[in-house]
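Undergrad: from the sequence below, what's the structure:
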Amino acid sequence: MSHLESRKVHISEKYIDPSHFKDTLENAENLLKYAAEIGIEIDAQTRDSILEARSAFSTGWDENTAAHLLPALTRLAVRLKPITAESLKASRNGDSTNTGRRYWVIAIVLAVLIIPYSLASYVTSSISDSIRKDIVTANDLAVKLTTQTATPVLPLGLTRSDVVVELQTFASTIRSIDNRASQLNWFVLRKVKDPFEDLRPGVAKDPKKAQDLAA
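TA: Residues are numbered from 1 along each chain as shown. Predicted coordinates for the structure are as follows:
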């Protein structure tokens, strides 16, 4: 036998060595088993090619076995897409469980961050809307009271009692704006200085300063 013929035989033997197709055969078997478990019908040619390859793996491998196995694996992969042999291995090795746990941890962390932020945004938005409405009401009352008290004599049909009620409403609206502004300040960690801090009951530290501010 010539050197060239000997080399061809060597290459041929290496090609049909079953060990080179071990992973391919296992992948095909895993996909075939998965298809059976979930009820996907596989054609007889594909099934028989894989079963024959398993039988030949231990009894004797030939070129026809390899030639039939690869197309069978290709058909299986197309039939079961997007499931792959690698994804099945990862699932059986517990990688999917670990991945699921990581996703749960990420979801919990995001929930811890997002839920309080969403609640704070909702509350501050509601407070801001209330302040805007109160400001509109206070401005209307301020204009109305200015017009009514511009002269010593009240306008016709308006009594002193009506003016007092409007003044009380104006004062109540101003207090409401002040309280809500204080609530908003709490959400920004009191970063905005309260210009009337020394005038509030139980807060004034400098009586003289409080009197000056009141004056």
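Undergrad: all helices for this structure, in order.
TA: Here the chain has its helices, by DSSP state H, at 3-15, 22-38, 44-59, 63-80, 85-92, 95-148, 160-187, 207-214.
Undergrad: just for the protein, where's the confidence low?
TA: 1-18, 91-100, 202-215 (pLDDT under 70).
Undergrad: pop the domain breakdown of it in here.
TA: Residue ranges for the domains of the chain, per automatic domain parsing: 3-93, 117-214.
Undergrad: before we move on, back to that, so can I have TSV of the helices of the chain showing mean neighbour count and distance to Asp198?
TA: Just so you know, the C-beta spots here come from the backbone N, C-alpha and C atoms, and that holds for glycine as well. Formatted as TSV, the helices of the chain follow (neighbours: other CB atoms under 10 Å; distance: least, CB to CB, whole Å):
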stretch	mean neighbour count	distance to Asp198
helix 3-15	10	94
helix 22-38	16	75
helix 44-59	16	87
helix 63-80	17	76
helix 85-92	14	67
helix 95-148	12	23
helix 160-187	14	14
helix 207-214	12	5
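Undergrad: returning to that earlier point: can you lay out the domains of the chain as TSV showing distance to Ala107?
TA: Below are the domains of the chain laid out as TSV (distance: least, CB to CB, whole Å):
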stretch	distance to Ala107
domain 3-93	20
domain 117-214	15
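Undergrad: for these, which one sits closest to Arg102?
TA: domain 3-93 (13.4 Å; CB to CB).
Undergrad: now do the closest one: distance to the chain's middle.
TA: Mean-position distance between domain 3-93 and its chain equals 41 Å (CA atoms, centre = their mean, to the nearest Å).
Undergrad: so Asp43 touches Val78, yeah?
TA: No. At 11.6 Å, Asp43 does not count as touching Val78 under the criterion of CB atoms under 8 Å.
Undergrad: identify the contacts common to these two.
TA: The overlap between the contact sets of Asp43 and Val78 (CB atoms under 8 Å, 6 or more residues apart in numbering) is empty.
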